[in-house]
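Visitor: need coordinates for the below:
(4 chains)
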2 protein chains.
Amino acid sequence: MTIRDVARAAGVSTATASRALNESHLVAEDTRTVVRAAADRLHYSPHGAARSLITSRTHTIGVLLPDLYGEFFSEVIRGIDQRVQQVGYHCLLSSARRGGPPLEAALRSMRGRVDGLVLMSPEFTGDLSRRTLPAGFPVILLNSAPAELPHGSLIVANFEGARAMVLHLAALGHRRVAIIKGAEGNFDAAERLRGYRAGLGEAGLEPAPELEIAGDFGEAAGDAGARALLRLVDRPTAIFATNDGMAIGALFALRDAGLRVPEDIAIGGFDDIPMARYLEPALTSVHVDISALGERAAARVLSALERTADPDLSRETMPTTLVVRRSCGARRS
Amino acid sequence: MTIRDVARAAGVSTATASRALNESHLVAEDTRTVVRAAADRLHYSPHGAARSLITSRTHTIGVLLPDLYGEFFSEVIRGIDQRVQQVGYHCLLSSARRGGPPLEAALRSMRGRVDGLVLMSPEFTGDLSRRTLPAGFPVILLNSAPAELPHGSLIVANFEGARAMVLHLAALGHRRVAIIKGAEGNFDAAERLRGYRAGLGEAGLEPAPELEIAGDFGEAAGDAGARALLRLVDRPTAIFATNDGMAIGALFALRDAGLRVPEDIAIGGFDDIPMARYLEPALTSVHVDISALGERAAARVLSALERTADPDLSRETMPTTLVVRRSCGARRS
DNA sequence: TTGTAGGCGTTATCAA
DNA sequence: TTGATAACGCCTACAA
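Guide: Purely as a prediction, here's the structure:
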């Protein structure tokens, strides 16, 4: 079932059939009607690969993420899909998990299948970029370290958000504020840690190595982290979990230890996932509009597709806002 | 940067270059080495669309879901991606949300871009299938109503899971068990409702229309549903929320109303999302291995790709298991 | 307004 | 073992 079949059925050449089906004005209205009818009758759909080959447009953007687990990635994808769907594009999804194919292969395999790329990976380097992507290929980096990479990028205001959280906790009178850190090598994790330390400094609090607990953004790490903190001789009075998943784990651990939140110990999270307000106690968190991050990334890739020259290599920051709920112990105003 | 450039650089024909790069044994080892070197030096990657055109294989499977919001879809996608990645395939993602392009267009747009399809949509009919898909095109349906559709399908044991939940609640002594239903027109929602009613019957309990509350699988619906139930003169003593998101909303509403769970009212959910065990109280739920559902769907599409004849049109059911935690008030054994 | 023909980048077929 | 050459399905000059 190709356009030749349609052309034959309609009694025209393939060129005419193509024009008729592609809204070209170089076709008589009558002819178009006949061709359309034939196409409908034969249930014709154009062959994507063939079309891509000649037009060098795939109408697809690639989405390469480090993982697909959890509400964060899910929302990023949703935002991207929402945006690209508006212009009839698709998402070609790929995760670069450890154990899967290496990043380079993943990137390579996308050539000729996507028009642009939304990429989130700590491993992506300028060298790799040069090796795997054609010069000028539209790429938007998500939450990657600032570097000399020749690509636009989008990040979350991790530093500011974390700093705001710590300052808020300090303003509530907490002197010993612990942090449960994110995954090693993760850009967001590093920035949130930096914000935490900056906040401590501004509040005149002493940083303490024993209050910085390793984590990986999973619920179990929050649980374990909180338990570790409870074993300290000089316990913290507040815990900043650097994402909500870990905050949930921490809440669980504290409850299990018979401690009340926020009376005995305060907790704050990061991301403000939809569930945060439904927790008990409702979770104070740093709000991030994750799907908007995805939408914006997609929008920038799409706009790079429009104009060929003048690539937009800017670094853009998605703002964060502190959402105060009961878990930090702030009085209702 | 095409294979012709590589061939030229290596001093061979494109045919030889192609063979060298594709592990064909019709190539001298020396030649292969030379070609590989040239390809590396030139950073050559094959063009997916061109390759697809001639091989009629895209190494991609399409994933069409009704929405991308929430942990359910996220896990399905993760499972699919995990499976297809093992054989070097990609996922082409698309959501058929209301407001977006109609399902038919979405399906059409995938022709020539995917080798098979994992499809979840209440709107998909046999007629549409015939109109949009080539005969014998590999499709696995997810959670769709049983029908005369010429495709294999995968469903969750909704009925059995819901029934088990209700029987469990009844065994705990509850006589008035309410349900917060899922989205209208949703297959899972209908099946869970059916299981609920069957469970009531088996337990010798009277069904009551006022105990069947409308919902849509969102947290807010659980909240609203629970509030509605609390307004009843003859309150239920247990609420079965047909997914965990709504159970979370219901927990929130009950707490807000000053009721204790499970002492004043028991709650059960469905799906057993990772977060369920971290809630307060920990949520009794019907466990579903969602990512396994995705993996299995992908596996079936892939295996359909292998053998051309003998399509597997079977209907497969993913089992569910009741996970008892504190929210239903069962004694620890 | 229509048709012919060339080419997008690749692999498959056939000779050499 | 290699090289010409013909597809794959489509779009788009160019010619009519």
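Visitor: now the helix or strand of chain A with the lowest mean pLDDT: buried residues?
Guide: The helix or strand of chain A with the poorest confidence is helix A:126-132; it has a mean of 90 (mean pLDDT, DSSP states H and E). Across helix A:126-132, burial judged by 16 or more other C-beta atoms under 10 Å in any protein chain shown covers A:128-129, A:132. Heads up, the C-betas are built off the backbone N, CA and C, glycines and all.
Visitor: do the same with stretch A:205-221
Guide: A:205, A:211-213, A:215-219, A:221.
Visitor: name the nearest of those relative to residue A:263.
Guide: residue A:211 (20.1 Å; C-beta to C-beta).
Visitor: name the nearest residue to the closest one, sequence neighbours excluded.
Guide: Excluding the flanking residues, the one nearest residue A:211 by C-beta to C-beta, 6 or more residues apart in numbering or on different chains is residue A:178, at 4.1 Å.
Visitor: what helices and strands are in contact with the strand or helix carrying that neighbour?
Guide: For residue A:178, the host element (DSSP states H and E) is strand A:177-180. Contacts defined by 3 or more C-beta pairs under 8 Å, 6 or more residues apart in numbering or on different chains; DSSP states H and E place strand A:177-180 against helix A:158-171, helix A:187-202, strand A:212-213, helix A:219-230, strand A:238-241.
Visitor: touching, residue A:175 and residue A:200? I think so.
Guide: No. The criterion here is C-beta atoms under 8 Å, and residue A:175 misses it with residue A:200 at 10.0 Å.
Visitor: end-to-end on stretch A:63-74?
Guide: When the termini of stretch A:63-74 are compared using C-alpha to C-alpha, to the nearest Å, they are 12 Å apart.
Visitor: per-residue confidence averaged over it?
Guide: Here stretch A:63-74 scores 91 as its mean pLDDT.
Visitor: what's the burial count for the closest residue to residue A:11 other than its chain neighbours?
Guide: Leaving out its chain neighbours, the residue that sits closest to residue A:11 by C-beta to C-beta, 6+ apart is residue A:34, at 7.4 Å. With neighbours defined by other C-beta atoms under 10 Å in any protein chain shown, the count for residue A:34 comes to 18.
Visitor: now swap in the one 3 residues further on and tell me
Guide: Residues within reach of residue A:37, counting by other C-beta under 10 Å, total 13.
Visitor: residues in contact with the closest residue to it other than its chain neighbours?
Guide: Counting by C-beta to C-beta, 6+ apart, residue A:37 lies nearest to residue A:10, which is 7.5 Å off, once chain neighbours are set aside. Applying C-beta atoms under 8 Å, 6 or more residues apart in numbering or on different chains to residue A:10 gives the contacts A:17, A:20, A:31, A:34-35, A:37-39.
Visitor: from residue B:255, how far off is residue A:10?
Guide: From residue A:10 across to residue B:255, the span is 66 Å (C-beta to C-beta, to the nearest Å).
Visitor: would you map out the domains in chain A?
Guide: A:3-55, A:60-156+A:290-318, A:158-288+A:322-328 (automatic domain parsing).
Visitor: most tightly surrounded among those domains?
Guide: Each of the domains of chain A was scored by mean neighbour count; the highest is domain A:158-288+A:322-328, a mean of 21, by mean count of other C-beta atoms under 10 Å in any protein chain shown.
Visitor: first-to-last residue distance for it?
Guide: 19 Å.
Visitor: what packs against the least confident helix or strand of chain A?
Guide: helix A:103-108.
Visitor: what parts of the stretch 151-300 of chain A come near chain B?
Guide: Contacts of the stretch 151-300 of chain A with chain B, taken as C-beta under 8 Å from any C-beta of the partner chain, map to A:219, A:223, A:248-249, A:251-252, A:255, A:274-275, A:277-280.
Visitor: try 6 Å this time
Guide: Neighbours of chain B within the stretch 151-300 of chain A, by C-beta under 6 Å from any C-beta of the partner chain: A:219, A:248, A:252, A:278, A:280.
Visitor: surely the second one touches residue A:219?
Guide: The reference is to residue A:248. Yes. If you go by C-beta atoms under 6 Å, residue A:248 and residue A:219 touch, sitting 5.5 Å apart.
Visitor: shared neighbours, these two?
Guide: residue B:278 (C-beta atoms under 6 Å, 6 or more residues apart in numbering or on different chains).
Visitor: so residue A:203 sits right up against residue A:170, yeah?
Guide: Yes. Counting by C-beta under 6 Å, residue A:203 does reach residue A:170; the two are 3.5 Å apart.
Visitor: where are the low-confidence patches of chain A?
Guide: A:308-309, A:331-333 (pLDDT under 70).
Visitor: can you pull out the helices in it?
Guide: Taking DSSP state H as the test, the helices found in chain A are A:3-10, A:14-21, A:29-42, A:48-55, A:71-85, A:103-108, A:126-132, A:158-171, A:187-202, A:219-230, A:244-256, A:290-306.
Visitor: ok, the residue nearest to residue A:180 when sequence neighbours are not counted - contacts?
Guide: Excluding its sequence neighbours, the residue lying closest to residue A:180 (C-beta to C-beta, 6+ apart) is residue A:225, at 3.8 Å. Residue A:225 makes contact with A:180, A:213, A:215 under the criterion C-beta under 6 Å, 6+ apart.
Visitor: from residue A:211, how far off is residue A:225?
Guide: In terms of C-beta to C-beta, residue A:225 sits 11 Å off from residue A:211.
Visitor: where do the contact lists of the two overlap?
Guide: Joint contacts of residue A:225 and residue A:211 (C-beta under 6 Å, 6+ apart) do not exist.
Visitor: which bits of the stretch 51-200 of chain A sit near DNA strand C?
Guide: Contact residues, the stretch 51-200 of chain A versus DNA strand C (C-beta under 7 Å from any atom of the strand): A:53-54, A:56, A:112.
Visitor: returning to what we had before: may I have the least confident helix or strand of chain A exported as CSV, CA atoms only?
Guide: Taking Å, rounded to 0.1, in the frame of the first residue of the first chain, the C-alpha atoms of helix A:126-132 are listed here in CSV:
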residue,chain,number,x,y,z
GLY,A,126,32.0,18.0,24.5
ASP,A,127,34.1,15.3,23.0
LEU,A,128,31.2,12.9,22.8
SER,A,129,29.0,15.6,21.3
ARG,A,130,31.5,16.2,18.6
ARG,A,131,31.9,12.5,17.9
THR,A,132,28.3,11.5,17.8
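Visitor: stretch A:2-21: end-to-end distance?
Guide: Start-to-end, stretch A:2-21 (C-alpha to C-alpha) is 13 Å.
Visitor: that stretch near DNA strand C anywhere?
Guide: Yes. Applying C-beta under 7 Å from any atom of the strand, one finds stretch A:2-21 touching DNA strand C at A:11-16, A:19.
Visitor: filter those down to the ones near DNA strand D?
Guide: Among the residues of stretch A:2-21 next to DNA strand C, DNA strand D is touched by A:14-15, A:19 when using C-beta under 7 Å from any atom of the strand.
Visitor: ok, the residues you listed vs DNA strand D, which is closest?
Guide: DNA strand D lies nearest to residue A:15 out of those, by C-beta to the nearest atom of the strand, at 3.3 Å.
Visitor: so how far is residue A:27 from that closest one?
Guide: For residue A:15, the distance to residue A:27 - C-beta to C-beta - is 10 Å.
Visitor: centroid residue for chain A?
Guide: Closest to where the C-alpha atoms of chain A average out (C-alpha atoms, centre = their mean) is residue A:76, at 4.0 Å.
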